[in-house]
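Trainee: Can you look at this prediction? I've put the sequence above it.
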Amino acid sequence: MPRNPTLVALRAVSCLILGVDFGRGVLAAESSPGVISLGTIETAAGAFSSAQLELVGRRLMESVPDCPAEVSAVAARMFLEDLQRRDPDKLAQLLTGNFAWRSHQSTLLRLVGAQLNGLPSVALREEVARRRLQAELELETTAGGSAATAVRDSATLLAKIKELSPVYLRRLVEGRTEDDELRILLKKVRQAEAGGKPVTAAKPREMSAAEIVSTFSRQNQEGSSLQRLRAYVLEGKMTAAGGGEQRITLCRLRPDRFRLVVGDESATRLILAFDGQRYWRQAPGGPPMVLKRESMGPQRHLGEFIDGLFGEVGATFERLDDGKVLYRPVFRLAVRRPDGSRYIARIDQENYRQVGRENDDKSTATYSDFRDVAGVMIAFREEVTDAEGRKSVLTIGRITPNPAVIQALFAPPPPGTLDFFTLDGAMRASAQVKLK
């Protein structure tokens, strides 16, 4: 598969939570972390054995002895989920003794760093980043490097990264620098140490918008993977500027069906969906309400199954002046939808990831933590800043490709059927009783 990834269109989720004021009414209650009920959405959630979790946890504690137990448990499960998505065959080798830990050490440490983000231990976070640099250096031993000097060299490299760019350092420490980006960063640092010019991306002077879009589409999927992706279920959490957190589950079905479930630990708070003909929403204690398309605003873009840059939704493109995201050069393309709305896509000139977006409402978004989902790379982290400077972060925990869903899932429930919220509440109450 090409190493240059893309992402499926998930942006409207952030627009929905941040741009639409759910804080007045439906989601007024302060939320706290928890698992949201999937309701009628069936997902093939990854189930891992206690032996697998114990093995990864032990490896993690050997790599980072001072890692808090709660961080270790979460990072171990995330590592298994990442391995299950990227390379199921390697997951099957985990307990056989033939698993190549060295080639996965950087990923494991990246996930630890991401979980440590926000904790007060600055020294521990930097030590994890140094150990990750060490893991990359040890991988180079097959190319003539020396494992004995990896510890010393990793400390030197970390200090050099601090000197060169606080942005690069912050992304590394926070676990937001992926392995291929880390290798590019190491190359830049080494060139700077040698007194050479920093590595810069080659930018075709005459590259047209059509050529950029064509390259984007060609390099960002494995064969016809996108065509084989008929539906997916996304599970994640949205954290707002004030610290409130909502759990979301979004199910999409080609060409434009969607069902969004928003809630917190205690209950589901909102359902918003489109069945191909009707937009509708439902809150606890009330019947489904059919909505007019013109009243949906940016929420209607929740029906965009894939990114407009793939050309499947009839969008037109215009190349604008180039820009930078975190000091990396990007192409800027105006993407105009058939309905007249538009946004500006920011595409990394080195790997053709869409790393950002500028919206007409003056909000901006950045995308990171790209992972493979059924041959298509998707950003599992999205940070949105609105025109007033308020920020929200969408963190995706799991995406299930091609789940078993039916058209009825997206339609409002007919009169007389069992109320979804009543069923959801009963299921939660039953689960709490069993846990006691």
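Mentor: Ah, there it is. Computed from a prediction, not measured in an experiment: that's the story for all the values here.

Trainee: Where does the prediction get shaky in the stretch 301-436 of the chain?
Mentor: Counting by pLDDT under 70, the stretch 301-436 of the chain shows low-confidence ranges at 312, 416-436.

Trainee: Now with 50, please.
Mentor: The model of the stretch 301-436 of the chain has pLDDT under 50 over residues 431-436.

Trainee: swap in the stretch 101-250 of the chain?
Mentor: 143-145, 199-205.

Trainee: what are the ranges of the helices in it?
Mentor: Using DSSP state H, counting those that start in this stretch, the helices of the stretch 101-250 of the chain run over residues 101-116, 122-139, 150-164, 166-173, 179-193, 209-219, 225-228.

Trainee: likewise the stretch 301-436 of the chain?
Mentor: Listed in chain order, the helices of the stretch 301-436 of the chain (DSSP H, counting those that start in this stretch) span 420-435.

Trainee: which stretches of it form strands?
Mentor: Here the stretch 301-436 of the chain has its strands, by DSSP state E, counting those that start in this stretch, at 316-319, 323-325, 328-336, 342-348, 354-359, 364-373, 376-385, 391-401.

Trainee: for the longest one, packing partners?
Mentor: Where contact means 3 or more CB pairs under 8 Å, 6 or more residues apart in numbering; DSSP states H and E, strand 391-401 is packed against helix 11-14, strand 231-239, strand 376-385. The way it works is simple: take the backbone N, C-alpha and C, and place the C-beta from them, glycine included.

Trainee: List the pairing partners of it within its sheet, with orientation.
Mentor: Strand 391-401 has the following strand partners under DSSP bridges: strand 231-239 (antiparallel), strand 376-385 (antiparallel).

Trainee: and if you look at the fifth one?
Mentor: Here the strand partners of strand 354-359, with direction, are listed using DSSP bridges: strand 342-348 (antiparallel), strand 364-373 (antiparallel).

Trainee: got a list of contacts for the last one?
Mentor: Meaning strand 364-373. By CB atoms under 8 Å, 6 or more residues apart in numbering, the residues outside strand 364-373 that reach it are 1, 5, 7-8, 11, 14, 82, 85-86, 114, 171, 176, 178, 232, 325, 353-359, 377-385, 399, 401.

Trainee: Likewise for the first one?
Mentor: Where contact means CB under 8 Å, 6+ apart, the residues beyond strand 342-348 that reach it are 11, 201, 212, 216, 308-309, 320, 323, 325, 328-336, 353-360.

Trainee: ok so, going back, any chance of the strands paired with strand 391-401 in JSON lines, plus distance to residue 104?
Mentor: Below are the strands paired with strand 391-401 laid out as JSON lines (distance: least, CB to CB, whole Å):
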{"stretch": "strand 231-239", "distance to residue 104": "24"}
{"stretch": "strand 376-385", "distance to residue 104": "18"}
